[in-house]
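A.B. asks: this one's structure only:
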């Protein structure tokens, strides 16, 4: 009886070991979930062309969207895009609702307390636009006493409040706009643009956001004038929730590979007309 039990246990152990060896090994919980489901759930945003937006086919499109799909492709899985609020993305503790955020997020020290940033994937110039009929504002230092709009809880709001902390390696130095001004925040750039297009000083005097989005707005008929030079160059990183170093390492490896093989540069030129994958 004892020998039969032992033999059965050994046989069962051998079967289990064989299954373990032949099955793919998933190191982290998030990576395990992604590979088993065959789907990478990515948080992104809408209303920020050419970065992320709904195209004429009502499909998500843009630079960030294609970067997300390229990451999923390297994992060998499909992509599903969700659009939680920006506040929810930067707050961390996602509880598995999405796996990764490819939403042009600045890797600040405060955000790094709840998120991991595997890799910076591009740098975007932040610029100020005014209405084209605005004649009093020639440079950003003429904005004292004006009303400036930006997205809420984002790096542009932090910059306007003069507490932007970008500590990513290679971040170019920058100066703040001089003087005092009123800050008005919005859920999206599109809402801020709609207020600025009403005319100089109607609801807004200026908007601060990324330069590619401002140029896209002008191409689409918004009556804006962009002030030069850009106020800062922002390192933008892929973000993942804390607690899964194996997943973080895998995403870092993938993004660095996409940078090394020229994929990120090609996507940048496609959507922005210039390679923004290197610090200016």
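C.D. replies: That came through fine. Fair warning: this is a prediction, and the values are worked out from it, not measured in the lab.

A.B. asks: check contacts around the closest residue to residue 215 other than its chain neighbours.
C.D. replies: Nearest in space to residue 215, with sequence neighbours left out and distances taken as C-beta to C-beta, 6 or more residues apart in numbering, is residue 226 at 7.4 Å. Where you see a C-beta, it was placed from the backbone N, CA and C, and this is true even at glycine. Residue 226 sits next to 127, 128, 129, 211, 214, 215, 218 when contact means C-beta atoms under 8 Å, 6 or more residues apart in numbering.

A.B. asks: pretty sure the second one is touching residue 205, no?
C.D. replies: No: with contact defined as C-beta atoms under 8 Å, residue 128 does not reach residue 205; the gap is 9.8 Å.

A.B. asks: common neighbours of these two, please.
C.D. replies: Shared contacts of residue 128 and residue 205 (C-beta under 8 Å, 6+ apart): 143, 148.

A.B. asks: neighbour-wise, which of the two wins?
C.D. replies: Remark: of residue 128 and residue 205, residue 128 carries more neighbours, 28 against 24, as counted by other C-beta atoms under 10 Å.

A.B. asks: partner strands of the helix or strand where that one lies, parallel or antiparallel?
C.D. replies: Using DSSP states H and E, residue 128 falls within strand 115-131. Note on strand 115-131: by DSSP bridges, its sheet partners are strand 206-210 (antiparallel), strand 224-226 (antiparallel), strand 232-241 (antiparallel).

A.B. asks: would you list those strands in a markdown table and tack on mean pLDDT and distance to residue 65?
C.D. replies: Shown next, in a markdown table, are those (pLDDT from 0 to 100; distance: least, C-beta to C-beta, whole Å):
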| stretch | mean pLDDT | distance to residue 65 |
| --- | --- | --- |
| strand 206-210 | 96 | 16 |
| strand 224-226 | 98 | 24 |
| strand 232-241 | 93 | 13 |
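
A.B. asks: out of these, which is closest to residue 173?
C.D. replies: Checking the strands paired with strand 115-131 against residue 173 by C-beta to C-beta gives strand 232-241 as the closest, at 8.5 Å.
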